[in-house]
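Peer 1: okay, here's the prediction I keep looking at, along with the sequence it came from:
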Amino acid sequence: MSDIAIRVENLGKQYKIGRLQQRHDTLRDQISDFRFQISDLVKRRNGHNHKSEIINQKSSDSIWALRDVSFEVKRGEVVGIIGRNGAGKSTLLKILSRITEPTTGTVDLYGRVASLLEVGTGFHPELTGRENIFLNGAILGMRKAEIEKKFDEIVAFAEVEKFIDTPVKRYSSGMYVRLAFAVAAHLEPEILVVDEVLAVGDAAFQKKCLGKMGDVAKEGRTVLFVSHNMGAIRQLCRSCMWVHEGTIRQEGDVTEVIEDYLKSEDTSAGASEKYFAQDLEKEFQLCRVRMMNQKNLITRNFQCDEPVIIALTCQVRNKVPGLYGYLQLSKLDGTIVMVSDSYDGGMNPLGALSIGTHEISIVIPPRNLGHGDYQVYLNFTSRQGLRAFNIDSPGVVGSFSLSDTRSRRGDRRPGFFSTLLDWNVD
């Protein structure tokens, strides 16, 4: 038997920009286009002037989300996939998971594939957790006896024993992802594909998932793991692929690829200031980020005993229910130093934003972080009921550097923090 689990040759995926698309990824797309064609036919019979539609059709363009991508993954390998948002990572995983078809090239998969690409992938909201476990197992081609053998282990791992007979539409986003991951990892797929969805879970569950993926790899199965958490990629993977603008820019040893990627990102992030292209389809969008000192000057160089102000300019085109922001600060090697979200102050100020332009500031207090270089990662999510949806995912938006030249130990002080402690003697 060949030791190859995945073989990709000259893979490409093209999307049409504009309403009239030639390819359809989902049944919903096909139905939508069919309804549009019926409406178009009625207008033509009624003598409607289609000049504007023709102009729009001619002006529609296409983009290549992936182009000329080729690689092989051996059985039992754990491969990390990194890259900026919009680089083509999710498109690649959708093709590997048979969710969408490629425009060009071929994909050969040798084994059963289980995918976790977003919260609740493959779950039917009206079915209970128990029913969805059996449904997903059937989709993977497993017999009822095989699923029953793993059932208790799946439920225990997901920590949803009390809710296993509750419709999953009533699950929180955390419960969704716990059960979805448990199903994907325990139903013995030969190939496990996991996207950034683990970021939804809490820190303890993320650690648990990383351990499980390591166990899956030790059993000789193949794992593809997409994440912005470079620390997790380093911990789990030995090899890594860097996807950039739809192509594989670099692949090889995980440490070398991550270091080259972070160096590139530190430059491309604009460091102290970054603008984002306008996207009129987004209800909420980050437009500009600045790293500012207390004198309102844009800079990337700060002292440990002064505040770092992360100033955001955002555009609200339509009110987004339950909107909140997530911030992650990490070292350049991917180690997460701290996280925050807009609920930290007790009230979430983003949840009531009106239509228009808003200025938002996040202040890192002085004498908090230790000296060194830091990257800033941002994500904006809407929590509607028990579900969470990504609204704007700008990713790494900038970086800043801290120096400690005003305390006795200064930059010789190791660790993540620069807090000066009082030594009191009674």
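Peer 2: Received the coordinates, thanks. What you see is a predicted model; the values in this text were computed from it and never measured.

Peer 1: by mean pLDDT, point me to the weakest helix or strand of this protein.
Peer 2: Scoring the helices and strands of the chain by mean pLDDT, DSSP states H and E places helix 51-59 at the bottom, with a mean of 42.

Peer 1: mind saving the C-alpha coords of the helix or strand following that one as CSV?
Peer 2: Once the chain leaves helix 51-59, the next helix or strand it forms, by DSSP states H and E, is strand 61-74. C-alpha atoms of strand 61-74 as CSV (Å, rounded to 0.1, in the frame of the first residue of the first chain):
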residue,chain,number,x,y,z
ASP,A,61,-14.4,39.6,-13.2
SER,A,62,-12.9,36.5,-11.7
ILE,A,63,-10.3,35.7,-9.1
TRP,A,64,-8.2,32.7,-8.4
ALA,A,65,-8.5,31.7,-4.7
LEU,A,66,-5.9,28.9,-5.4
ARG,A,67,-3.6,28.4,-8.4
ASP,A,68,-1.1,25.8,-9.4
VAL,A,69,-1.0,24.2,-5.9
SER,A,70,0.8,20.8,-5.7
PHE,A,71,1.9,18.8,-2.7
GLU,A,72,1.9,15.4,-1.1
VAL,A,73,1.2,14.4,2.5
LYS,A,74,2.3,11.0,3.8
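
Peer 1: how far does strand 61-74 sit from its chain's centre?
Peer 2: Counting by C-alpha atoms, centre = their mean, to the nearest Å, strand 61-74 is centred 19 Å from the centre of its parent chain.

Peer 1: run me through the strand neighbours of it, direction for each.
Peer 2: Strand 61-74 sits in its sheet next to strand 4-17 (antiparallel), going by DSSP bridges.

Peer 1: mind listing what's buried in the strand it pairs with?
Peer 2: Buried residues in strand 4-17, counting neighbours by 16 or more other C-beta atoms under 10 Å, are found at A5, I6, V8, L11, G12, K13, Q14, Y15. Using the backbone N, CA and C atoms, a C-beta is placed for each residue, glycine as well.

Peer 1: then stretch 84-91?
Peer 2: Neighbour counts over stretch 84-91 (16+ other C-beta under 10 Å) mark R84, A87, G88, K89, S90, T91 as buried.

Peer 1: can you show me the strands along the stretch 251-400 of the chain?
Peer 2: With DSSP state E, counting those that start in this stretch as the definition, the stretch 251-400 of the chain shows strands at residue ranges 273-275, 284-292, 301-303, 308-316, 323-331, 336-341, 356-364, 372-384, 387-403.

Peer 1: still on that earlier bit, specify which member of the buried residues of strand 4-17 is nearest to A352.
Peer 2: A352 lies nearest to Y15 out of these, by C-beta to C-beta, at 35.0 Å.

Peer 1: what about that closest one, distance to E72?
Peer 2: Noted for Y15: a distance of 26 Å to E72, by C-beta to C-beta, to the nearest Å.

Peer 1: same question, Q206
Peer 2: According to C-beta to C-beta, Q206 stands 29 Å off from E72.

Peer 1: between those two, who's got more neighbours?
Peer 2: Set Q206 next to E72 and count neighbours by other C-beta atoms under 10 Å: Q206 wins out with 18 against 13.

Peer 1: sorry, back to before: for the strands of the stretch 251-400 of the chain, which one sits closest to I99?
Peer 2: The nearest among these, by C-beta to C-beta, is strand 387-403 at 17.2 Å.

Peer 1: how big is the angle separating that closest one from strand 323-331?
Peer 2: Computed by axes from the mean of the first three to the mean of the last three C-alpha atoms, to 10 degrees, the angle separating strand 387-403 from strand 323-331 equals 40 degrees.

Peer 1: bridging residues for H244?
Peer 2: Residues in beta-bridge contact with H244 (DSSP bridges): T247.

Peer 1: that older thread, just put the buried residues of strand 4-17 in a markdown table and tack on distance to H244 and pLDDT.
Peer 2: As requested, the buried residues of strand 4-17 are exported to a markdown table (distance: C-beta to C-beta, whole Å; pLDDT from 0 to 100):
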| residue | distance to H244 | pLDDT |
| --- | --- | --- |
| A5 | 24 | 89 |
| I6 | 20 | 92 |
| V8 | 16 | 93 |
| L11 | 15 | 93 |
| G12 | 15 | 93 |
| K13 | 15 | 92 |
| Q14 | 18 | 90 |
| Y15 | 18 | 86 |
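
Peer 1: where does pLDDT dip in the stretch 151-300 of the chain?
Peer 2: 173, 196-204, 265-271 (pLDDT under 70).

Peer 1: now the stretch 1-150 of the chain, which segments are flagged as low pLDDT?
Peer 2: Counting by pLDDT under 70, the ranges of the stretch 1-150 of the chain that qualify are 1-2, 17-60, 118-122.
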